[in-house]
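Student: Need coordinates for the following:
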Amino acid sequence: MLIVEAARRIIENPSPVIFIDTCAFVDLFRHQEKEPLPTFKADDLSAAIEVRNSIQMEFVEGARRSLEGSVHLVVPELVPIEFKDHVDRIESNFRRWVEAQNESQKWLGEVMAILPQVAPSETASVSLEISRRCRSIAEELLDAAVVLDRDRACLDRAIGRLIGKIRPSHCKEVKDSMNLEQSLELCRQLKAGGHSHRRAFVSSNTSDFAAAKTSSHVHPDLDRDFRNVSLEYFTSIRAAWGAIRSQPRIQGGPTGPAAPAT
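Tutor: Here you go, the predicted structure:
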């Protein structure tokens, strides 16, 4: 969808907007090798399901309305492509981890049943296609999103970041800048159109977007870009959804001071 068209439809049907980067989708079923636990928590899956169930699936032409508790989910053009490129490998890694946990708990249950004065385990893990189900949540969420079409001006600005080594292209990668510029442009148009609901950008890629690798705050080099369009940075869907549920509108309104990035 063209950015101008997406902006028009969101303004006509006002609700908070969530932009989700590729990494945040695959985080819902990601396990890093050599790590004891998966990247995500149960609350991440729960939040993703709630967002999926709250997405405005229909637009009413010519009628301005706001659905209580609803959101618009938007992804830049590259997100579905990147997701497809990585989804099988990431699910495979997670599936192997689930299977390993299942085998370990079976062993524990067997030993505990033999040892005296040790109660057998009642919580042995069963795979239950956990990896496939977690992946499905991410896929359903992505399928429900509005995908932005390529925009020449956004691409030019992304190339400018690449040439100037400006975040998030400070390491000579252009994809993150393409995603960011499309998100920023839609936010500019929403702000100009009087959209007063919060706008959240979700990416766990803290190396490129955050103040530090372990930080949940946007990098100082990007702070002005985010503030100028009242866009907030979050490292997880759970954090963004929690903030939007607690306060769906921008403090100060669309013409007031931008909400702080968190």
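Student: contacts, neighbours, all on C-alpha from now
Tutor: Noted.
Student: give me the low-pLDDT residue ranges for the stretch 1-150 of the chain?
Tutor: Where the stretch 1-150 of the chain drops to pLDDT under 70, the residues are 57-69, 117-128.
Student: can you give me the helices in it?
Tutor: For the stretch 1-150 of the chain, applying DSSP state H, counting those that start in this stretch gives helices covering 3-12, 22-26, 42-54, 78-114, 130-143.
Student: correct me, but residue 144 touches residue 73?
Tutor: Yes. The pair residue 144 / residue 73 is scored as a contact, 7.5 Å apart, by CA atoms under 8 Å.
Student: For these two, indicate the residue with more neighbours.
Tutor: A count of neighbours by other CA atoms under 10 Å puts residue 73 above the other of residue 144 and residue 73, at 23 against 16.
Student: Quick check: beta-bridge partners of the more buried one?
Tutor: residue 18 (DSSP bridges).
Student: From residue 6, how far off is it?
Tutor: Counting by CA to CA, to the nearest Å, the gap from residue 73 to residue 6 is 11 Å.
Student: same check, this time on residue 92
Tutor: 35 Å.
Student: Those two: which has the busier surroundings?
Tutor: A count of neighbours by other CA under 10 Å puts residue 6 above the other of residue 92 and residue 6, at 20 against 16.
Student: Go ahead and list the helix or strand containing residue 200.
Tutor: In this assignment (DSSP states H and E), residue 200 forms part of strand 199-202.
Student: to the chain's geometric centre, what's the distance from that strand?
Tutor: 8 Å (CA atoms, centre = their mean, to the nearest Å).
Student: Can you point out the buried residues in stretch 167-187?
Tutor: 167-169, 173-187 (16 or more other CA atoms under 10 Å).
Student: Quick one: residues contacting residue 97.
Tutor: residue 31 (CA atoms under 8 Å, 6 or more residues apart in numbering).
Student: run the last query once more with 10 Å
Tutor: 30-38, 91, 103, 131 (CA atoms under 10 Å, 6 or more residues apart in numbering).
Student: now the end-to-end length of stretch 182-201.
Tutor: For stretch 182-201, the end-to-end distance is 11 Å (CA to CA).
Student: Fine by me, thanks again.
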